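Participant: Compute the structure for the input listed below.
(one chain, ligands or ions: 1)
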Amino acid sequence: MAPSIIRVVAACLLDDQNQLLLVRKRNTQLFMMPGGKPEVGEDNLMALTRELKEELDWECDPQTLKPLGQFSAPAANEADMTVVADVFWGRIDQTVFPQAEIEQLERVPLGNIDRLPLAPLQQVLMPALLAAYASEQ
Ligand SMILES: Nc1nc2c([nH]c(=O)n2[C@@H]2O[C@H](COP(=O)(O)OP(=O)(O)OP(=O)(O)O)[C@@H](O)[C@H]2O)c(=O)[nH]1
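Facilitator: Modelled structure (predicted):
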């Protein structure tokens, strides 16, 4: 039987107004962090910077990304699968536009992300993101 875990690496990106950047992929409903599955031979930051380039056309400096932790939740788009995500957070300092399989990109205030339909993983990690953010103020 196929493993029921999807491993991804993903990013919580905050802009200069402390809005969180979330994406919705084509033919899906829920908003989630940009990111995706590492390819063979890639470490987390290599995979994440590749995904950020593919999805946002953004050349991210991996040294600016800080580890937030590993989180798991029911996968947003695959029935009966669990997503296990290594999550990083950091700043995004430029305007970006959806690329490749991204259909919609939204920026939401950190305190008000529930105005979008969210992937379960996003809900799970919000306390950690808010704590990390608060510790840097
Ligand atoms: N990137 C990302 N994936 C997530 C999140 N939350 C979540 O449940 N997932 C699940 O992880 C799955 C795999 O992510 P993905 O489709 O972005 O991976 P990928 O770009 O490498 O996929 P592909 O190579 O098959 O096109 C998503 O379909 C979704 O069900 C999230 O916040 N970010």
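
Participant: what stretches of this structure score poorly on pLDDT?
Facilitator: 1-3 (pLDDT under 70).

Participant: and the helix ranked longest in it, which residues are buried?
Facilitator: In the chain, with assignment by DSSP state H, the single longest helix is helix 120-135. Of the residues in helix 120-135, those buried by neighbour count under the rule 16 or more other Cβ atoms under 10 Å are Pro120, Leu121, Gln122, Val124, Leu125, Met126, Leu129, Ala132, Tyr133. Any C-beta I mention is one placed from the backbone N, CA and C, and that applies to glycine too.

Participant: same check, this time on stretch 79-90
Facilitator: Of the residues in stretch 79-90, those buried under the neighbour-count criterion (16+ other Cβ under 10 Å) are Thr82, Val83, Ala85, Asp86, Val87, Phe88, Trp89, Gly90.

Participant: how close does the third one sit to the ligand?
Facilitator: This points to Ala85. Look at Ala85 and the ligand: by Cβ to the nearest ligand atom, to the nearest Å, they are 6 Å apart.

Participant: How about the second one?
Facilitator: The spacing between Val83 and the ligand, counted by Cβ to the nearest ligand atom, is 4 Å.

Participant: circling back to that earlier point, name the helices or strands packed onto the longest helix of the chain?
Facilitator: strand 5-14, strand 66-74, strand 82-91 (3 or more Cβ pairs under 8 Å, 6 or more residues apart in numbering; DSSP states H and E).

Participant: ok, the residue nearest the centre of the chain to the ligand distance?
Facilitator: Residue closest to the average C-alpha location in the chain (Cα atoms, centre = their mean): Met33, at 2.2 Å. Distance, Met33 to the ligand, by Cβ to the nearest ligand atom: 4 Å.

Participant: What residue, apart from its backbone neighbours, is nearest that residue spatially?
Facilitator: In this structure, Met33 finds its nearest non-sequential neighbour in Ala10, 3.9 Å apart by Cβ to Cβ, 6 or more residues apart in numbering.
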